[in-house]
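Trainee: Predicted coordinates and the sequence they were generated for:
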Amino acid sequence: MRTLNRALGIVVMLAGAALAAPTWAAEEAAAGAKAEEGHGEEHAASDFKHWKAGNEVANLASLQRGARNFMGYCVGCHSLKYVRYSRMAEDLDIPQEQLEKFLLPPGDKPADYILTSMPAQDAAAWFGKTPPDLSLIARSRGPDYLYQLWKTYYVDPSKPTGVNNLRLEGTAMPHVLSELEGAKKAIFRNVETRGEDGKPHTERVFEKFETVVPGRLSEADYDAFVRDTVNFLDYAGEPAQVKRRHLGVFVVLFLIAFTWLAMLLKKEYWKDVH
């Protein structure tokens with residue numbers, strides 16, 4: 001009973017987080033969407049494997065929006081078992097009251113790790129497999145892969161979930177962002193090719209998408225939504241990466257200066273040696 005109450009509580013909390021943008025992210029949400037408007041046309045639909053996420057882990061506003069997106073749409077099935085709420089709030093400059101109001105599930109504490117409330121057995125029964133932890137997904141698959149994954153869902157009545165995915169054929173994950181993106185149909189064409197045996201073969205090649213049901217967001221806004229979410233997962237894979245890169249510059253400068261001093265010292269020691 002306690003588990004059921006906690007699950008119901010987190011569902012209510014997540015619904016509120018998904019619909020209400022926190023004040024710490026709302027100020028730059030419109031600016032972020034506007035900046036992404038030019039990306040839609042530059043992506044040829046048939047060349048989806050070369051789409052780039054173009055995320056910036058140093059963009060604090062984007063990370064804040066990505067945290068909101070993850071807690072609103074992803075944490076119901078997926079965990080971030082290596083990230084604590086308190087660490088996320090500190091890195092992303094999220095005030096304590098905003099963390100507790102919008103992101104922290106009922107019953108959880110800031111020091112807890114970000115875990116899903118969905119029992120693994122139920123998840124395996126519903127989806128055929130347990131949804132993976134996403135702590136290191138951006139490091140193992142790459143941000144571009146995640147961006148392509150969330151942009152290439154299409155309607156497929158033959159699948160149990162009613163959808164399929166170009167980037168991950170036969171995926172068991174439903175299109176949880178369909179209310180935002182809408183539903184679209186994939187258009188394929190048959191191409192005649194010759195195999196290694198020299199015999200002709202027919203290959204089905206993706207050509208473009210056609211919108212079936214529009215979503216709540218425009219194409220540009222949905223693109224920005226996905227980029228922010230990918231950006232947050234990139235951060236979750238290595239929360240200290242921005243500081244590491246910043247520190248790395250000074251380390252390299254120190255090594256250059258130390259090398260120069262070592263060369264001067266060598267010349268001083270060896271100046272009388274013939």
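Mentor: Yep, it's here. All values derive from a computational prediction rather than experimental measurement.

Trainee: Please list the outside residues in contact with the helix or strand encompassing Phe206.
Mentor: Using DSSP states H and E, Phe206 maps to strand 200-214. Outside strand 200-214, the residues that touch it by Cβ atoms under 8 Å, 6 or more residues apart in numbering are 45-46, 48, 154-155, 166, 182-195. Where you see a C-beta, it was placed from the backbone N, CA and C, and this is true even at glycine.

Trainee: what do you get if the cut-off is 10 Å, keeping everything else the same?
Mentor: Outside strand 200-214, the residues within contact range by Cβ atoms under 10 Å, 6 or more residues apart in numbering are 44-49, 151-155, 166, 178-179, 181-195, 219.

Trainee: average model confidence for the helix or strand just after that strand?
Mentor: Following strand 200-214 in sequence order, the next helix or strand is helix 219-237 (DSSP H and E). Mean pLDDT, helix 219-237: 97.

Trainee: what angle separates helix 219-237 from strand 200-214?
Mentor: Orientation check (axes from the mean of the first three to the mean of the last three Cα atoms, to 10 degrees): helix 219-237 against strand 200-214 gives 100 degrees.

Trainee: Relative to the whole chain's centre, how far out is helix 219-237?
Mentor: 5 Å (Cα atoms, centre = their mean, to the nearest Å).

Trainee: ok, now stretch 199-209?
Mentor: Distance of stretch 199-209 from its chain centroid, counting by Cα atoms, centre = their mean, is 30 Å.

Trainee: name the element Tyr154 belongs to?
Mentor: Under the criterion of DSSP H and E, Tyr154 resides in strand 153-155.

Trainee: got the contact list for that strand?
Mentor: With Cβ under 10 Å, 6+ apart as the criterion, strand 153-155 contacts 161-168, 171, 173-178, 181, 183-188, 206, 209-210, 212-213.

Trainee: what about burial for these, which qualify?
Mentor: Buried members of those, scored by 16 or more other Cβ atoms under 10 Å, are 161, 163-167, 171, 173-175, 177-178, 181, 183-184, 186, 206, 209.

Trainee: Show me the residue at the heart of this protein, geometrically.
Mentor: With distances taken as Cα atoms, centre = their mean, Val230 lies nearest the centre of the chain, 2.2 Å away.
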